[in-house]
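Colleague: my questions are about this predicted structure, shown below with the sequence.
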2 protein chains.
Amino acid sequence: MEQLEKAWAGRRVLVTGGLGFIGSNLARALVERSADVVLVDSLIPEYGGNLFNVAGIEDRVRVNISDVRDPHSLRHLVQDREVIFNLAGQTSHMDSMADPVTDLEINCVAQLRLLEVCRHHNPGVKIVFASTRQIYGKPDYLPVDEKHLLRPTDVNGINKMAGEWYHILYNNVYGLRSTALRLTNTFGPRMRVKDARQTFLGVWIRAAVEGRAFEVWGGEQLRDFTYVDDCVDALLAAADAKAVDGGIFNLGGDRVISLKDLADLVVAANGSGSYAIKSFPPERKKIDIGDYYATDAKFRQATGWRPRVPLDEALRRSIAFYRENLPHYL
Amino acid sequence: MEQLEKAWAGRRVLVTGGLGFIGSNLARALVERSADVVLVDSLIPEYGGNLFNVAGIEDRVRVNISDVRDPHSLRHLVQDREVIFNLAGQTSHMDSMADPVTDLEINCVAQLRLLEVCRHHNPGVKIVFASTRQIYGKPDYLPVDEKHLLRPTDVNGINKMAGEWYHILYNNVYGLRSTALRLTNTFGPRMRVKDARQTFLGVWIRAAVEGRAFEVWGGEQLRDFTYVDDCVDALLAAADAKAVDGGIFNLGGDRVISLKDLADLVVAANGSGSYAIKSFPPERKKIDIGDYYATDAKFRQATGWRPRVPLDEALRRSIAFYRENLPHYL
């Protein structure tokens, strides 16, 4: 492990969505490993970017505010990079239904442009793309493996599916090295908590920290969760392992849990709190997927990665972070 | 059958790509059935639109020259239509690799905009979308059914995959009625023969008619082919059968054949001619898919459709058409 970490020293890395939830946690890990880190972020208020996310490491990263839809800035930023962690995206299911063309521009057009820039100006680059379990839609079987059909149930899922496949195609045809990780519910410090655009868990944790009850929609649905530190480990592993080039991999978590049991864990981790079970809102029901959990055996086997932080500990760490820093996320 | 055909009289129909190969053959079938037909086409020279394709029916259709990327014209044209056959698309694999963003704009952005217009201004409409077997990529098993994974091998395939799923999503969420047909190699009168942008068979047939030898790349690959009249029957059946709403269906053909055997059939249907077997050009090899043929049992079962024109007869009819009309297609 120590040797792997040394390998990042001086390595030229770009993180799109670098001021966002996962991007900024990744940036911290890269800075610890003395990488040469550039973060690109649009800081659009509805998305995950937040300057506070890089508090304490500002002097050790280069922050470039620009939008991945802007082909000009990307061209410059990409040229000398060895690794790109491509995390920028529109993530809200509901926003993608209300404004599908914007979602398409971010999750498809910008992705394709980024890959075109790499193809022409940095063909040796390695790209790790943050895909999503959402593209599977409602599962036929559990746990979901990578051979499961893709049947996205919202515009965001369709666009992310296309975005993922551009990355694989450019690997296969042009010799860029790309890997796609299909992330499941990821949570932890620096996630968005002011609304559910990134994850409902942000809303729950904020309510718990503020001493308010939170709402659990349904409650019986099974899900898996990845703590952000484990997700960062996976991203780093995907960048390093040659065996994953051109590959698509599920990421799962420590365990499978129902939303109701998760709510109980949140209350326990917080030391107090309460929640109310609500029936699923009708406008969400149409795009709900029921139970979902993945097997990430393929990624574990290819890289040796596995989640290290148990779910209850991960919730405690997340709650501790927002207890201290909540005002920066409101 | 007679009853079904009567059902089209006076029905308000829009065909996008209506001056193209399949669109114009469909327009002829609709005119025969006394439908109220509007054809939209951009007449972009690299695509399939050709005014000669509606020779003889000009007075019985309304032709509107505009591009599906133009949201303004579409909004007007879509409003009073009962059925939309959504056939407009960029179809060239190679063009999609050379200019991926244009392919994306036509095959994704314009599709999503069309669906948005329908959702807001014509939510009761029925849409039949021309998808493609190309989105399967290199098959895992044969014949390919609709449960086969999608693994597109070029930008066009990725964008068509997204375009297909927008249609299914809008059916499922907004109550539009959409059906996607995954077309295989379709051929016949009014196809593009000046290059292989639509189908290599156009190039072969043109050469045969002109008395030149044509090139067969590889030759052992198995493929299936749909004669355009059978394809038109399938489109009409898909528009009518309630059972196919929200569904995705393969379309196959009369039989499975190797390219070499097909070349022999072309020569036989032409009465004379020759061809040369060439090895696959390297730049194409990267996106070649090997053998491909589908089962269309699901569509046959849902609609009663089946191909009616045997392959050799279909080739004879196609050759007869170009023997008479070739100058209009050069």
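Modeller: Happy to help now that I have it.

Colleague: tell me the spacing between A:Leu39 and A:Arg33.
Modeller: 15 Å (C-beta to C-beta, to the nearest Å). (C-beta placed from N, C-alpha, C; glycine too.)

Colleague: for A:Asp67, same thing?
Modeller: On the measure of C-beta to C-beta, A:Asp67 and A:Arg33 end up 28 Å apart.

Colleague: so what's A:Arg28 up against?
Modeller: Applying C-beta atoms under 8 Å, 6 or more residues apart in numbering or on different chains, we find A:Arg28 in contact with A:Val54, A:Ile57.

Colleague: is it in a helix, a strand, or coil?
Modeller: helix (DSSP: H, G, I helix; E, B strand; the rest coil).

Colleague: do you know the pLDDT at it?
Modeller: Per-residue pLDDT puts A:Arg28 at 98.

Colleague: before we move on, back to that, which one of A:Leu39 and A:Arg33 has more residues nearby?
Modeller: Between A:Leu39 and A:Arg33, counted using other C-beta atoms under 10 Å in any protein chain shown, A:Leu39 has the larger neighbour count: 28 against 18.

Colleague: what residues does the strand or helix carrying that one touch?
Modeller: Using DSSP states H and E, A:Leu39 sits in strand A:36-41. Outside of strand A:36-41, the residues within contact range by C-beta under 8 Å, 6+ apart are A:10-20, A:23-24, A:27, A:30-31, A:49, A:54, A:60-66, A:68, A:73-74, A:77, A:81, A:88.

Colleague: among the residues you listed, name the ones in strands.
Modeller: Among these, the members falling in strands (DSSP state E) are A:Arg12, A:Val13, A:Leu14, A:Val15, A:Thr16, A:Val61, A:Arg62, A:Val63, A:Asn64, A:Ile65.

Colleague: need the buried ones from those residues selected in PyMOL.
Modeller: Buried residues within the ones in strands among the contacts of strand A:36-41, by 16 or more other C-beta atoms under 10 Å in any protein chain shown, are selected in PyMOL with:
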select buried, chain A and resi 13+14+15+16+61+63+64
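
Colleague: now, which of the ones in strands among the contacts of strand A:36-41 sits nearest B:Tyr322?
Modeller: When the ones in strands among the contacts of strand A:36-41 are ranked by distance to B:Tyr322 (C-beta to C-beta), A:Thr16 comes first, at 50.3 Å.

Colleague: what pLDDT is listed against the residue lying closest to that closest one once chain neighbours are set aside?
Modeller: Excluding its sequence neighbours, the residue lying closest to A:Thr16 (C-beta to C-beta, 6 or more residues apart in numbering or on different chains) is A:Ala88, at 3.7 Å. Confidence at A:Ala88, expressed as pLDDT, is 95.

Colleague: can you check A:Arg60 too?
Modeller: 97.

Colleague: OK, contacts around it?
Modeller: So A:Arg60 contacts A:Val31, A:Val37 (C-beta under 8 Å, 6+ apart).

Colleague: now do A:Gly175
Modeller: With C-beta under 8 Å, 6+ apart, A:Gly175 has these contacts: A:Pro123.

Colleague: ok, it to A:Lys126 distance?
Modeller: 11 Å.

Colleague: now swap in A:Arg255 and tell me
Modeller: Where A:Lys126 is concerned, A:Arg255 sits at a distance of 31 Å (C-beta to C-beta).

Colleague: show me which of those two is the more surrounded one.
Modeller: It is A:Lys126, of A:Arg255 and A:Lys126, that has more neighbours when counted by other C-beta under 10 Å, with 22 against 13.

Colleague: thinking A:Trp8 is in contact with A:Ala27, fair?
Modeller: No - using C-beta atoms under 8 Å, A:Trp8 makes no contact with A:Ala27, being 11.9 Å away.

Colleague: which one's more surrounded, the two?
Modeller: With neighbours defined as other C-beta under 10 Å, A:Trp8 and A:Ala27 compare such that A:Ala27 has more, 28 against 21.

Colleague: in contact with that one, which residues?
Modeller: A:Val15, A:Gly18, A:Val37, A:Leu39, A:Val54, A:Ile57, A:Val61.

Colleague: A:Leu43 too?
Modeller: Counted by C-beta under 8 Å, 6+ apart, A:Leu43 has contacts A:Leu19, A:Gly49, A:Asn50, A:Leu51, A:Ile65.

Colleague: any idea of the pLDDT on it?
Modeller: Looking at A:Leu43, the pLDDT reads 89.

Colleague: three-state assignment of the nearest residue to A:Phe21 once chain neighbours are set aside?
Modeller: Closest residue to A:Phe21 apart from its sequence neighbours, by C-beta to C-beta, 6+ apart: A:Met191 at 4.3 Å. For A:Met191, the secondary-structure state derived from three-state DSSP is coil.

Colleague: quick one, helices of the stretch 1-150 of chain A?
Modeller: A:2-6, A:21-32, A:71-78, A:93-98, A:100-104, A:110-121 (DSSP state H, counting those that start in this stretch).

Colleague: tell me the bridge partners for A:Ser258.
Modeller: Applying DSSP bridges to A:Ser258 gives these bridge partners: A:Leu222.

Colleague: check A:Tyr227 too.
Modeller: Beta-bridge partners, per DSSP bridges, of A:Tyr227: A:Phe187.
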